[in-house]
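Participant: next input, structure requested:
(one chain, ligands or ions: 2)
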Amino acid sequence: MTSTPCLFVNCRAATMAEGAPYGLIDDAAILTEGGTIRWVGPRADAPSAATHDLGGRLVTPALIDCHTHVVHGGHRAGEFEQRLNGATYEEVARAGGGIVSTVRATRAASVEDLVASALPRIDAMVAEGVATIEIKSGYGLDVETELRMLRAARALAALRPVTIRTSFLGAHAVPAEYAGRADAYIDDVCLSALHAAHAEGLADAVDGFCEGIAFSPAQIARVFDVARSLGLPVKLHAEQLSNLGGAALAAGYQALSADHLEYLDEAGVQAMAAAGTVAVILPGAFYTLRETKAPPIALLRQYGVPMAVSTDMNPGSSPMTSLLLTMNMACTLFRMTPEEALRGATQHAARALGLGDRGMLAPGLRADMVVWNADTPAELAYRIGFNPIHQRIIGGRA
Ligand code: DI6
Ligand code: FE
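Facilitator: Ligands and ions are numbered 1, 2, ... in the order given. Presented below is the predicted three-dimensional model:
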């Protein structure tokens, strides 16, 4: 971390401050010191300090991927291929595919294995300017493996210039050994694992999957009650495949976010707006599952619910690491604007993680920034499969 003040000049800064579109400052200067932004504004008004010329390029806050399952064992390319060769969902499941295959592979993996397999995916994210990544457990579904996943997530933070935030997702699926006994799974495994994860400082938040194929609102509420008693914030996979009222349930717990939301209704939107819960939009899963019902973007906009966008990186429904492509998909598939997409990968993603120290270029916030070979911020969502990154400045360090 460099503590000498540095003035980044000759750049267009998309500060994401409210007021102007993208909070754009055309000929901007950004003063950093000790890993923190001290001043942002027009270059003509800048305080004097040693300068660093950014060649007229675009600068944004570093990107934030606020919903990932990037730590997991194995992959599911085989079942992807089987399906495209005509196998039915049932045939794939009978051949040991689906989420259970990821659980099997994750249980067989050591912390070192999980770290090694996640690293190339983390690197792909970092290469696109992502500097904060949320990582969930949820493919262990037994106490030890849930803890191993979270330990692997924590270990990754020491290996790359990223902040990792963990979410305990013990309520992701009912493992085969508890088939038909979801309540017993919650009591015997999920809540024990949550207490153990909290005791070891492994969980920054608690997540769940509220869905017919996963857990009911009542079961999720039991997990959230324990989260609340431990002082942990919650978030929820809600309304992805059907409407069970998960978003309103989460909002009732002042959730940081409700995620997916394809089947969200107006009452759910209102509950989220009242609670200040962020809507995390996940177009990668929508695309992979060939879902046809889009989340209610216009309603979320109308009620002023902040929208984040994220990869949902996971081996089943969203084997995608590109947050830039996610931004493009949010625009093309869901008609979000390029500005909403960029706010969704910066300012609102930070809020979805409860992080008040990043996501914008403003005094007092972390100096996590990305310099792009781009003229305008809309280019970030506009291009498909192209990475215009020029440079990362993490903790003020160029
Ligand atoms: N929503 C999903 O789509 C996935 N998990 C979740 O909470 C599916 C995860 C998988 O298939 O591995
Ligand atoms: Fe997910």
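Participant: is ligand 1 within reach of stretch 134-152?
Facilitator: No. Stretch 134-152 does not reach ligand 1 (C-beta under 6 Å from any ligand atom); its nearest approach is 7.1 Å. (C-beta placed from N, C-alpha, C; glycine too.)
Participant: now the terminal residues of that stretch, how far apart.
Facilitator: One end of stretch 134-152 to the other measures 13 Å (C-alpha to C-alpha, to the nearest Å).
Participant: chain center to that stretch, what's the gap?
Facilitator: 17 Å (C-alpha atoms, centre = their mean, to the nearest Å).
Participant: so which bits of it are buried?
Facilitator: Neighbour counts over stretch 134-152 (16 or more other C-beta atoms under 10 Å) mark 134-143, 145-152 as buried.
Participant: and for stretch 73-90?
Facilitator: 73-74, 76, 79-80, 82, 87.
Participant: is it up against ligand 1 anywhere?
Facilitator: No. Stretch 73-90 stays clear of ligand 1 (C-beta under 6 Å from any ligand atom), getting no nearer than 7.3 Å.
Participant: just to revisit the earlier point, among the buried residues of stretch 134-152, which are in strands?
Facilitator: Applying DSSP state E to these, the entries found in strands are 134-136.
Participant: of the residues you listed, just say which sits nearest to ligand 1.
Facilitator: Nearest to ligand 1 among those: residue 136, at 8.4 Å, using C-beta to the nearest ligand atom.
Participant: shouldn't the closest one be in contact with residue 166?
Facilitator: Yes. If you go by C-beta atoms under 8 Å, residue 136 and residue 166 touch, sitting 7.5 Å apart.
Participant: so which other helices or strands are in contact with the lowest-mean-pLDDT helix or strand in the chain?
Facilitator: Lowest by mean pLDDT, DSSP states H and E among the helices and strands of the chain is helix 89-94, with a mean of 78. Contact partners of helix 89-94 among helices and strands, from 3 or more C-beta pairs under 8 Å, 6 or more residues apart in numbering; DSSP states H and E: helix 77-84.
Participant: other residues contacting the helix it packs on?
Facilitator: Applying C-beta atoms under 8 Å, 6 or more residues apart in numbering, the contact partners of helix 77-84 are 87, 89, 91-92, 95, 97-98, 101, 319.
Participant: only whichever of the residues you listed are buried, select them in ChimeraX.
Facilitator: Buried residues within these, by 16+ other C-beta under 10 Å, are selected in ChimeraX with:
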select :87,92,97,98,101,319
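Participant: what does this protein have sitting close to ligand 1?
Facilitator: Within the chain, the positions near ligand 1 by C-beta under 6 Å from any ligand atom are 99, 102, 172, 209, 237, 240, 285, 314-317.
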